[in-house]
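Participant: 3D, please:
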Amino acid sequence: MMINTVIVDDEAPSRINLRYALAAHGQWRIVAECASAAAARTALAAQAVDVIFLDIQMPQESGLALARSLSEQAEPPLIIFVTAYSEHAVAAFEVHALDYLLKPLDDSRLAQAVERAAAMLALAQRGAYARALRGYLAPLASPWLTHISVRSVGRIERIAVAEILWLESAGNYVQLHTAGRTILHRVTLSKLETHLDTAHFSRVHRCAVVRLSQLHSLAVTGDGTYAATLHCGAQVPVSERYLDTVRRAME
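Facilitator: Numbering: from 1, shown residues only. Sure thing, here's the model as predicted:
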């Protein structure tokens, strides 16, 4: 299956670099190269497009503005954002399971992105992708997440934050613990924590964040070590530095 793609970047060298890099991926066909969001709209109206490589910072109209309008479609093209933003700034992409490439382009990272996009297209996941994209781009009345989009083997699943009881670090992943199951999400706990409502969630250990209403009891487990038992039955380690936070939440 051929995958039709459009490159949207106001810098000609960036478009050329991406064109040559994509030549190594035989099933990917570049149907247009655009220097602006306006040119991209014309190209998208003229033909069916599966994936867009979209620069974020462009004059006149930003890539995010174009992405916002595309997100209103029921099944928009998949977007791989291309950006010179720092790692901290792109954390929100990872939280929402959206793909991105950092400039200058890395061939191995491109290969990973195109593989993920091909898997999503094969599994007809554009509807789920649209919801994840809207979650990222929607005007924020609140800085806190209400849903988390989780990617796994070409699929995107939307998890309500209200269902999460506690979160556990697993290297570059986070385990989202709900009442019925545990979901693995590819984002670090420190990145995800910044998007959780501090009125409901708190860090209690370097590897754990809990819903405050879940805290049931606190016990000493050793010399300077502690553990909290949650209403769901889980036991979570508590660092000494967070003891006051845990005790206040339990009062």
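Participant: Buried residues in the top helix by length along the chain, which are they?
Facilitator: In the chain, ranked by residue count with DSSP state H as the criterion, the top helix is helix 107-122. For helix 107-122, the buried set under the neighbour-count rule, 16 or more other C-beta atoms under 10 Å, comprises 110, 113-114, 116-118, 120-121. Yep, even glycine has a C-beta here, placed from its N, CA and C like the rest.
Participant: Going by contacts, tell me the helices and strands next to that helix.
Facilitator: Contact partners of helix 107-122 among helices and strands, from 3 or more C-beta pairs under 8 Å, 6 or more residues apart in numbering; DSSP states H and E: strand 3-8, helix 12-22, strand 51-55, strand 78-83, strand 99-102.
Participant: Which of the ones you listed has the highest mean neighbour count?
Facilitator: Of all the helices and strands packed on helix 107-122, strand 51-55 has the most neighbours on average by mean count of other C-beta atoms under 10 Å, namely a mean of 26.
Participant: For that strand, report the contacting residues that lie outside it.
Facilitator: Strand 51-55 is contacted by residues 3-11, 14, 18, 28, 40, 44, 63, 66-67, 70, 77-83, 101, 114, 117, 121 when judged by C-beta atoms under 8 Å, 6 or more residues apart in numbering.
Participant: Equivalent analysis for stretch 176-190, please.
Facilitator: Stretch 176-190 has contacts (C-beta under 8 Å, 6+ apart) with 91, 94-95, 97, 148, 150-152, 157, 159, 163-170, 172-175, 192, 207, 209, 232, 234.
Participant: what pLDDT does residue 149 get?
Facilitator: Per-residue confidence at residue 149 stands at 89 (pLDDT).
Participant: Can you give me the pLDDT of the residue nearest to it when sequence neighbours are not counted?
Facilitator: Using C-beta to C-beta, 6 or more residues apart in numbering and skipping residues adjacent in sequence, the residue nearest residue 149 is residue 132, 3.7 Å away. Note on residue 132: pLDDT of 87.
Participant: What strand or helix carries residue 132?
Facilitator: Assignment of secondary structure by DSSP states H and E places residue 132 within helix 126-137.
Participant: Provide the strand pairings for whatever helix or strand comes next after that helix, with the direction of each partner.
Facilitator: Using DSSP H and E, the helix or strand that follows helix 126-137 towards the C-terminus is strand 147-152. When pairing is defined by DSSP bridges, strand 147-152 lines up against strand 155-160 (antiparallel).
Participant: Contacts for the strand it pairs with next, please.
Facilitator: The list of residues contacting strand 155-160 from outside it, by C-beta under 8 Å, 6+ apart, reads 97, 120, 123, 125, 128-129, 131-132, 135, 146-150, 176, 178, 183, 185.
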